[in-house]
Structure formats: C-alpha cells, structure tokens
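Q: Next come a sequence and a model predicted from it.
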Amino acid sequence: MPIIGIDLGTTNSLAAYFTSDGPKIIPNSLGEALTPSVVSVGEDGTIYVGRIAKERLLTCPENTASVFKRSMGSEKTFTLGDRVFSAEELSSFIIKKLKEDAENFLGEEISEAVISTPAYFNDTQRKATKAAGELAGFRVERIISEPTAAAIAFGLHTSRDISKCLVFDLGGGTFDVSILEFSDKVMEVRAVAGDNYLGGEDFTGVLMEMFMQEHGISPETLTLRDFVMLNKNAEDAKLELSARKKATMSWTFDGQARSLEVTAEVFEERCKTLIARLKAPIIRAVNDAGVRLADVDSIIFVGGATKMPLIQSFVSRLFKRFPVFGINPDEAVALGAAVQAAMKERKEDIRELILTDVCPFTLGTAVSVQQNNGFFRSGIFQPIIERNTVIPASREERFYTMAPNQTSVKVEILQGESWRAKDNVLLGEIDIPVPAGPAGQETVDVRYTYDVNGILEVNVKVTSSGESKRMIIEKNPGAVTPEQIEQRIEELASLKLHPRDKDKNRYLLEKGERYYQTTTGFIRMRIAEELNNFEAALDGQHSKEIEEAAERLRSLFEDAENEQNNGE
Ligand code: AMP
C-alpha cells in the first residue's frame, strides 16, 4: 500500500505518489493537479472542496472558507452557515478529498501520508497539521518542511558533498526564503525569512494600477464587481507576460471600451519596488545561516509567481547564476513529499533538523485610523509582533489618545491575521488611566514580549505619568489530544463530502450560479434557462442529454466571459 505525499497549501493543495519513474502528481476528480484549498458547506450540510468551493466563495461567501492554513494551531474558528470549524478541521476536508481522489486514481486504499508544512511552522502548528491528516483518516507519522520537500524533489539529497541550497518560494500572497544544508542524510533548515505581505497578487496589482493611471480611473470609484473584473484582466495579462513579450488588457469601464498594451520591459520597470522588497529577506536568511551568497550551491524555485521572467532575471542577477529548473514550481513540494514517503517505506528517509522557535501568530492590538474622508474608523488591527518572528521577541509601539479629555486608554491584546480586530482572538485587555488633555497629547507605549515557552508579557506605560501596567498571558492554543481527535472524527462523520463522481456536474452548476450572479440581461436569462435544462437532464439521468446541456452551458460561460471582459 503506497504512502502518498501531500502539499497542504494556502491557496492550492496537491497529492503525489512514487512510481518506478519517480514521483508523479495525482489528478483530482476534475482531472486537475491543483485542488484549491477552499471549503464550502451546502444548505443540506454537504461539504464541497476545491474548485466547486472556490466558485461558491463568490456566490455563498458566508458558507465558504479559504486561507485557513494561516490559522492552523490557533483557536480561531470559522463559521460556515450554522456550523463552526477550526482550521485543522477545514484542512481535514481538503486532505480527505485528496485521499479519495488518490484512492480512486490508484485503485486501492491509502492509509498513510507525508504532509508538508512551512519551515517556520512551530510545534503546535505541525501538530495541528498532523491532526488534520488524522481527522481525514490518515496515519501521519511524518511531517516534512516545504523547502526540504522541494529540495528533495530536485534530487539535491543525492549529492555526495555537503550542499547548501536556497529555496525561493513566491506564492500568491507570501514570500518565503529558506537556506538548507544537506549532509549525510540529514537536512538542516539553517534559516528562514520572508515577507507575509508580498506575493504574485502584488504584481497583478501593479498592472491594475497601470491601467487605472492610463485611463485616469481612481481606485475609490471602483465597485467590488469592477475590482474583480479589472483584477482578472490584470491576472490574465500577467500570465501572458510570462509567456510573451507583451500583453494587452481590454476592459470597458463607465461605458467606454479601454485598453492598455504592456511590454515585459515596462512591466519589469514598474515592478522595481516590489523586486527590491524581495532582496531583504534573502539577505536576512543568508546572514542568519552564516553563509555568503556565493556559498549557495543551488537555488530552487517554488510557488506559481516564480514563473515570471522578471523574477528569474532578478535572482540570476543577484546570485550571478541560474536557478535549477526542470520541475514545475507548483508541484515541487508535493513531489518531494512523495519521494520522502517512498524513502520512509524503505526505511531510509531523510532526517530533518528544523527551526521551530518562531511566534506562530501575529500579536497586536486594536486602533482607530483616519479614513480618506477624514472620519476615524475604530476596530482596526495593528500588529506588534508579526507571525513567524523568531522568538524570543520583544517589540514596542506608541499609541496616542483619540478624544479630548480622554481619561483612560484601553489596550486590547489580540492574536490573529485579520485586519478587522473583532475577527481576531482577544487574549486580554489592559485599562490604564491617562491625564485629561487635548486629543493626541497623551501617549502610551505598549510592549509585547513573547518567549520560547509561548508566554506573552504585555507592558503598557503612560509616557507622561510613568504609570505602567503588566499582564502575562500563558497559552498553548491548538494542541489537540488523540482523545479529542477521536471525538471530532465521530462528530465530523455525519458530514459528507460531495460524491466525487458528481463533482464535474456540480462544478458546472456552481459556475453557472456565479455567472448568473455576475451577468445581466439576455445572457443572464440564457444561463438560467440552460441551468434549468441541465438540472432536468441530471434528474432524468440521460447521459446524452446531460452532455449536450453541459456543452451549451460551457459555451454560454465563454460568452459571459467575453461580455464581462468587454464590460457590456
Ligand atoms: P501559489 O500560491 O504557489 O499557487 O502561487 C499563486 C501565484 O502564482 C498567483 O499570484 C498566480 O498569479 C501566480 N502564477 C501562477 N502561474 C503564473 C505564471 N505562469 N506567470 C506568472 N504568475 C503566475
């Protein structure tokens, strides 16, 4: 019985298995390699996972969750309709889907998996990932770091000498750099650094900005629908620029057809600031690992955004050498996890020495910020210690009084990744008196200190009076016991994943729902008509009618796509 490798990603997840020709990706029920890491609950309680759920992210956002990997091991919960889930439970649905797809593809039961986590995940987050695998019905004896898995996929572990490798992972929203050292079947993660707010989406943002500038459109005038349309246009142009020297964006806004031709050269020029931001984490990782740029033997690309030629030329210029090519950067982690799984079966797996001393969550407080219209908006999260900061860490921020004659300041101690304070976990509160005076006259210094035992100490000091207050928060959130896992498996047993043999049809229905909601007029009426026909054909179970109705729907989606691009 094979052990499979799983890349449990923030945006997409994949599974792979080992063959005599090396590791191979396992296609999902739609025949695709990538399963979006999105979960949605239907009205009847059915759990939808992957592309179907991604469609529902737009049509039923209140029943759908994404990017929950960031909350693994935390106490944050996600409410989907009338059900509440933890990040590990949502992840377990993704893993369960990958398990079903793998069993179907390989034609046998699979009971064990090697699952990847970011190198900077601490012990609690790794345990949460293991728990997610167990909730999905797997035995998970091995968790592997993503950069280690990627390096293994490239075969770097077979080198006889000590080798140093830099893994450059640029995904949709995050950038991670890891320095690894291999020697004698041991892989050491020597350093990790990154930028949690930098990824492929920022490059899409540059194209959106260029388009708006060219046509004098101010971002505030865009509705959510406009934003989604322009973003899609920019995303398509960005992908085009990875394959060709120029791309054209065309979009009708305010009743006027507009276009912009962008050359690869101009795009690169406009991305200079973003590219400059890539450099700092690289230098930090290299310094932390105590190596020089020239000591790095190989550079490996992971993450979809590394397919941009401007990233490749930046890295080649910086290191005066080309990265190692040959494996799709989207697939490297899953393939490496599958190699590790095969090595585990042969009892010769690679030992990892990993970093675990990082703060797993962002710790911060709530503030009020001034909006463009001059009014203040309260309840905005202000990070103080960012997640993945190496611990022990101590950071201080200064805050100002908001109202005239304010007599106290309340500091909310929050943990989480949402910009809305209320969506993060409230760990405690400190109220401290301040001398009355004009707004903004009094200041308080708030210091957060997080130690290796996960203890957070918060000190608040009023600058003028010197008065201070202290609070200690001891928590070990998220560690799940085997008994709790057993209990949750029973509870989750009543929830059924959508049957995989019906995935293709369900996907068409959900996509139809999305197009129905985002189009108007004639095309919208036609979509409703054909959705009706398609449902009737499904009820009638006549495969010829089902296929014909499906084909008509697909062709309508193309029309809708063209119409949306032209904004009519
Ligand atoms: P990941 O999180 O690794 O799935 O990466 C997703 C990011 O990669 C998104 O911002 C995509 O737009 C970007 N991406 C994927 N393929 C390409 C490509 N061929 N060229 C440029 N960016 C890409």
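A: Ah, there it is.

Q: Which positions in the stretch 1-150 of the chain make contact with the ligand?
A: Residues of the stretch 1-150 of the chain found near the ligand (C-beta under 6 Å from any ligand atom) are Thr11, Asn12. Every C-beta, even on glycine, is put in place using the N, C-alpha and C of the backbone.

Q: where exactly do the helices run in the stretch 1-150 of the chain?
A: For the stretch 1-150 of the chain, the helices defined by DSSP state H, counting those that start in this stretch cover 51-59, 87-106, 123-135, 146-153.

Q: what's next to the shortest one, contact-wise?
A: In other words, helix 146-153. With C-beta atoms under 8 Å, 6 or more residues apart in numbering as the test, helix 146-153 has contacts from 5, 7, 23, 116-119, 157, 165, 167, 169, 176, 178, 180, 182, 187, 189, 192, 300, 302, 327, 331-337, 339-340, 350, 352, 354.

Q: Give me the subset of the residues you listed lying in helices.
A: Ala332, Val333, Ala334, Leu335, Gly336, Ala337, Val339, Gln340 (DSSP state H).

Q: Would you mind putting those residues into a markdown table with neighbour count, distance to Val84 and pLDDT alongside?
A: Shown next, in a markdown table, are those (neighbours: other C-beta atoms under 10 Å; distance: C-beta to C-beta, whole Å; pLDDT from 0 to 100):
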| residue | neighbour count | distance to Val84 | pLDDT |
| --- | --- | --- | --- |
| Ala332 | 30 | 35 | 97 |
| Val333 | 33 | 30 | 97 |
| Ala334 | 34 | 30 | 98 |
| Leu335 | 26 | 35 | 97 |
| Gly336 | 34 | 34 | 96 |
| Ala337 | 32 | 30 | 96 |
| Val339 | 24 | 37 | 94 |
| Gln340 | 27 | 34 | 93 |
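
Q: is it possible to export those to a markdown table including distance to Leu58?
A: Shown next, in a markdown table, are the ones in helices among the contacts of helix 146-153 (distance: C-beta to C-beta, whole Å):
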| residue | distance to Leu58 |
| --- | --- |
| Ala332 | 29 |
| Val333 | 27 |
| Ala334 | 27 |
| Leu335 | 31 |
| Gly336 | 33 |
| Ala337 | 31 |
| Val339 | 37 |
| Gln340 | 36 |
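
Q: out of the residues you listed, what pair is the most spread apart?
A: For these, the farthest-apart pair by C-beta to C-beta is Ala332 and Gln340; their separation is 12.5 Å.

Q: what about Phe399, how many neighbours?
A: Per other C-beta atoms under 10 Å, the neighbour tally for Phe399 reads 17.

Q: Tell me if I am right that it is in a strand.
A: Yes: under DSSP: H, G, I helix; E, B strand; the rest coil, Phe399 sits within a strand.

Q: and Ala560, what pLDDT?
A: We have a pLDDT of 85 for Ala560.

Q: what's near enough to touch it?
A: Counting by C-beta under 8 Å, 6+ apart, Ala560 touches Tyr515, Thr518, Thr519, Ile523, Ile527.

Q: at 7 Å what do you get?
A: For Ala560, the contacting residues are Tyr515, Thr519, Ile523, Ile527, by C-beta atoms under 7 Å, 6 or more residues apart in numbering.

Q: what does Leu58 give?
A: By C-beta under 7 Å, 6+ apart, Leu58 lies in contact with Arg514.

Q: Just flag the most distant two among the contacts of Ala560.
A: Largest separation among the contacts of Ala560 by C-beta to C-beta: Tyr515 and Ile523, giving 8.0 Å.
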